[in-house]
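In: return a 3D structure for these sequence lines:
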Amino acid sequence: MSSNAVAGPGLLRLIGDDHRWRLMQELGRSDLRVAELVERLGSTQNLVSYHLAQLRRAGLVMSRRSSADSRDTYYRFDVRRCAELLAAAGSALAPALWLETRRAGPGPSGRRRPLVLFLCTGNSARSQMAEALLEHLSAGTVRARSAGSHPKPLHPHAVQVMAERGIDISANRTKHLDRFLRTRFDRVITLCDKVREICPEFPDGPGRSHWSMPDPSAAAADEDSYPAFVRTADELEDRIGLLLTELSTPTTREVHSGV
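Out: Next up is the predicted model:
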């Protein structure tokens, strides 16, 4: 389905369906499999699959094979594309309704700095890059940590890609997730499908999200894997930008308590 096909009334009809609206809400919080969406929506698999297909045709939902079980597929809602289409739809209706899509800047100010944990298998690339990018893009207003279930040495391509973005992680050390089992986090984000399956519970039940991202170091040859690290960093920047917007929005409790 082309961008023109989902512009204006077409877009509003597409996302105005209750099932598709609820799917986008769930996938906006975390990447999920069909079975999980069926459970959360209390619907049938056929109906969920049908509506997912409609959203995929419009480019609002993307899919990726699970690295833990290739028979599974994770789905992700492209929040930024939806925002751009909504902005364009407003402009098409009346120029005064143009809605500017926000690019997230620094995170929360005047409040306690949130603490976010990123987890993957080796803590050698994805989670290290995510930790560094979150602290950098938030200008230090959000704290980040990273760890892995089976730590291995920091990948040189991860160091290089971050250096090209003005971030030095060359002195970072990889860590086992057990190190943080008693730490209180505001958000725990798994970046690896395998780690998601074994992710432990953390104190106070922090919010948990899953970003299904392939391991860039799994490329066939080391010399050919560098572009995969660049793609990983690009995707992380986009996802973290949305995370910062979310973290910058006061919760209902904070609004009413004046935090």
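In: for V142, see how far away the residue nearest to D186 when sequence neighbours are not counted is.
Out: Closest residue to D186 apart from its sequence neighbours, by Cβ to Cβ, 6 or more residues apart in numbering: P114 at 4.1 Å. To be clear about C-beta, it is placed using only N, CA and C from the backbone, and glycine gets the same treatment. Distance of P114 to V142, given as Cβ to Cβ, to the nearest Å: 5 Å.
In: ok, now P203?
Out: Counting by Cβ to Cβ, the gap from P203 to V142 is 19 Å.
In: helices along the protein, start to end?
Out: 9-16, 18-29, 34-41, 45-57, 79-93, 126-137, 156-164, 193-198, 226-248, 252-257 (DSSP state H).
In: list the buried ones in the first one?
Out: Of the residues in helix 9-16, those buried by neighbour count under the rule 16 or more other Cβ atoms under 10 Å are G10, L11, L14, I15.
In: now for it, which elements pack on it?
Out: The contact analysis (3 or more Cβ pairs under 8 Å, 6 or more residues apart in numbering; DSSP states H and E) places helix 9-16 against helix 18-29, helix 79-93.
In: make JSON lines out of the ones you listed and add mean pLDDT, distance to E237 and mean neighbour count.
Out: Converted to JSON lines, the helices and strands packed on helix 9-16 look like this (pLDDT from 0 to 100; distance: least, Cβ to Cβ, whole Å; neighbours: other Cβ atoms under 10 Å):
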{"stretch": "helix 18-29", "mean pLDDT": "94", "distance to E237": "18", "mean neighbour count": "17"}
{"stretch": "helix 79-93", "mean pLDDT": "79", "distance to E237": "11", "mean neighbour count": "17"}
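In: and these: which comes nearest L37?
Out: Nearest of the helices and strands packed on helix 9-16 to L37, taken as Cβ to Cβ: helix 18-29 at 6.2 Å.
In: what angle do the closest one and helix 226-248 make?
Out: Going by axes from the mean of the first three to the mean of the last three Cα atoms, to 10 degrees, helix 18-29 is angled at 110 degrees with respect to helix 226-248.
In: the inter-axis angle of helix 18-29 versus helix 45-57?
Out: 70 degrees.
In: for the helices and strands packed on helix 9-16, which one sits closest to L55?
Out: helix 18-29 (5.9 Å).
In: could you export that closest one as CSV, CA atoms only?
Out: What follows is helix 18-29 as a C-alpha-only set of coordinates in CSV (Å, rounded to 0.1, in the frame of the first residue of the first chain):
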residue,chain,number,x,y,z
ASP,A,18,-10.7,-0.6,17.2
HIS,A,19,-8.6,-3.8,16.7
ARG,A,20,-5.9,-2.0,14.7
TRP,A,21,-5.9,0.9,17.3
ARG,A,22,-5.3,-1.6,20.1
LEU,A,23,-2.6,-3.4,18.1
MET,A,24,-0.7,-0.2,17.6
GLN,A,25,-1.0,0.7,21.3
GLU,A,26,0.5,-2.6,22.3
LEU,A,27,3.2,-2.6,19.7
GLY,A,28,4.1,1.0,20.6
ARG,A,29,5.1,-0.3,24.0
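In: tell me the confidence at C199?
Out: For C199, the pLDDT comes out at 96.
In: ok, Y50 - how many residues close by?
Out: As a burial measure, Y50 scores 12 neighbours (other Cβ atoms under 10 Å).
In: against H155, how distant is it?
Out: 40 Å.
In: ok, the closest residue to M62 other than its chain neighbours to R64 distance?
Out: Closest residue to M62 apart from its sequence neighbours, by Cβ to Cβ, 6+ apart: R76 at 5.0 Å. Distance, R76 to R64, using Cβ to Cβ: 7 Å.
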